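**Student:** task: produce atomic coordinates for the following.
(chains A and B)
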Amino acid sequence: GDSVTQTEGPVTVSESESLIINCTYSATSIAYPNLFWYVRYPGEGLQLLLKVITAGQKGSSRGFEATYNKETTSFHLQKASVQESDSAVYYCALGGSSNNRIFFGDGTQLVVKP
Amino acid sequence: GPKVLQIPSHQIIDMGQMVTLNCDPVSNHLYFYWYKQILGQQMEFLVNFYNGKVMEKSKLFKDQFSVERPDGSYFTLKIQPTALEDSAVYFCASSLARTGGAETLYFGSGTRLTVL
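**Tutor:** Below is the predicted model:
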């Protein structure tokens, strides 16, 4: 089926350290997968962090990057130097169906220590 | 950025009662969605809605569920009657268009439904 698997949280890092949250996907019914990272900050709704709709391309936002790798079916989220304000829950998501149905991973809670 | 508002943030009801969850989507958006997240599990698609009709629903969208958006007001999810397994956080989302699955969805903060 169509699904997303991501790093199990919580992930705890110190401020200014680097971060990687792994994400792999399975898209059996979607011809052209689109990949997203959404983020939920405390007390807020889910919001788009970045998206990539073409294999081989990289998306970036707020210092975060993710590359759509079709060969390894991965879309890992990386940041070179995290800040305390990055503490949130990050969701990798798979889209591409005609009705915008999105498949979410379990979410990875990121805790950044000062 | 654009905001989707969900009212109320938390609702507690007795099993068998009816409940209506309200969503105020982004004003010019045309597509509306409900997702369900049981504690500790993934957020899962329930239904999407466009031009007054359900476009797609998942197997989680039971016969007891219904959605509507009368006269462009709130987009609502009604559960009648409720069951214990309906306890979850329900997220509403909206999007401007439906560009082959690449559209950005805007989500609300969710309504936590507790069925006793």
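**Student:** tell me which parts of chain B are close to chain A?
**Tutor:** Contact residues, chain B versus chain A (Cβ under 8 Å from any Cβ of the partner chain): B:1, B:3-4, B:6, B:31, B:33, B:35, B:41-45, B:48, B:55-56, B:58, B:91, B:93, B:95, B:98, B:100-110. The way it works is simple: take the backbone N, C-alpha and C, and place the C-beta from them, glycine included.
**Student:** next, name the residue at the spatial heart of chain B.
**Tutor:** residue B:34 (3.0 Å; Cα atoms, centre = their mean).
**Student:** three-state assignment of that residue?
**Tutor:** Using DSSP: H, G, I helix; E, B strand; the rest coil, the structure places residue B:34 in strand.
**Student:** quick check: it touching residue B:46?
**Tutor:** Yes. Assessed by Cβ atoms under 8 Å, residue B:34 is found in contact with residue B:46 at 4.3 Å.
**Student:** coming back round to it: enumerate the beta-bridge partners assigned to the residue nearest to the centre of chain B.
**Tutor:** Using DSSP bridges, the bridge partners assigned to residue B:34 are residue B:47, residue B:92.
**Student:** give me the distance between it and residue B:104.
**Tutor:** Distance, residue B:34 to residue B:104, using Cβ to Cβ, to the nearest Å: 17 Å.
**Student:** any idea which helix or strand comes after whichever strand or helix holds residue A:66?
**Tutor:** Residue A:66 is part of strand A:64-67 when elements are defined by DSSP states H and E. Using DSSP H and E, the helix or strand that directly follows strand A:64-67 along the chain is strand A:77-79.
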